[in-house]
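Novice: Below is the sequence, then the predicted model.
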Amino acid sequence: MTIKTFSLGLVIALIAAIFAAIFTILGTHLLSQDESKHSIISSLFSSSEESTVEFVEIKNVVITLKSHSESERYLLLELALTTHSSADARRAEELSPAIRGATVNLLSSLDYDAVRGMNVELLRDKLMQAYTERFMSLKTRMPFKDVIISKMVFQ
């Protein structure tokens with residue numbers, strides 16, 4: 001074996017060792033990442049296209065709440081419905097009387113203190129349940145995916 005052949009074998013072995021070290025470090029890094037974070041590999045195969053979100057505002061929903069005091073109690077709500085297409089946004093606007101009605105039916109039957117004591121998340125969950133029931137009774141698809149309470153004023 002000549003020095004030239006020995007040198008070539010040594011260079012090939014060195015390059016192979018460097019590649020093995022790099023792949024070992026990358027593999028260890030990818031495997032140790034938290035699953036909730038995006039890894040390099042998953043970002044290569046995932047879609048870079050974001051889904052569109054459109055909002056339909058339902059303003060000035062005034063509800064008279066039950067009260068044990070002599071004065072009447074009111075709740076003013078402003079809502080934003082999230083949709084994923086302009087067709088669903090138009091459909092949500094067309095069905096806004098049903099949405100307003102479900103909101104008023106739910107909240108007008110509740111006591112002021114009970115509504116006042118609810119956090120926004122619980123109120124949102126109750127509204128979504130009322131909307132789901134309303135759209136089931138109308139035998140139509142609910143055109144929005146979520147409701148956001150953008151204003152809540154008690155009087």
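Specialist: Right, received. Where do you want to start? Not measured: the values here are computed from a predicted model.

Novice: and the longest helix along the chain, which residues are buried?
Specialist: The longest helix of the chain (DSSP state H) is helix 3-32. The neighbour-count check on helix 3-32 (16 or more other Cβ atoms under 10 Å) flags nothing as buried. In short, each C-beta sits where N, CA and C put it, glycine included.

Novice: repeat for stretch 112-129
Specialist: For stretch 112-129, a neighbour-count test (16+ other Cβ under 10 Å) marks Y112, V115, L123, R124, K126, L127 as buried.

Novice: show me the contacts for A102.
Specialist: L127, A130, Y131, E133, R134 (Cβ atoms under 8 Å, 6 or more residues apart in numbering).

Novice: roughly how far is the helix or strand where the second one lies from the heart of the chain?
Specialist: By that I understand A130. Using DSSP states H and E, A130 falls within helix 120-137. Relative to its chain's centre, helix 120-137 lies at 16 Å (Cα atoms, centre = their mean, to the nearest Å).

Novice: ok, then the element right after the worst-scoring helix or strand of the chain on mean pLDDT?
Specialist: Counting by mean pLDDT, DSSP states H and E, the chain has its least confident helix or strand at helix 40-45, which shows a mean of 56. Following helix 40-45 in sequence order, the next helix or strand is strand 54-65 (DSSP H and E).

Novice: any idea of the mean pLDDT in that next one?
Specialist: If you average the pLDDT over strand 54-65, you get 89.

Novice: If you count contacts, what does it end up packed against?
Specialist: strand 73-83, helix 86-94, helix 96-108 (3 or more Cβ pairs under 8 Å, 6 or more residues apart in numbering; DSSP states H and E).

Novice: strands paired with that strand, and their directions?
Specialist: strand 73-83 (antiparallel) (DSSP bridges).

Novice: Between helix 86-94 and the partner strand, find me the angle.
Specialist: 160 degrees (axes from the mean of the first three to the mean of the last three Cα atoms, to 10 degrees).

Novice: Kindly provide the whole-number mean pLDDT of strand 73-83.
Specialist: On average, strand 73-83 scores 90.

Novice: For it, list every residue counted as buried.
Specialist: R73, L75, L77, L79, A80, L81, T82, T83.

Novice: and N105, how many neighbours does it have?
Specialist: Applying other Cβ atoms under 10 Å, we find 13 residues neighbouring N105.

Novice: ok, for it, nearest residue in space, not its chain neighbours?
Specialist: A130 (7.0 Å; Cβ to Cβ, 6 or more residues apart in numbering).
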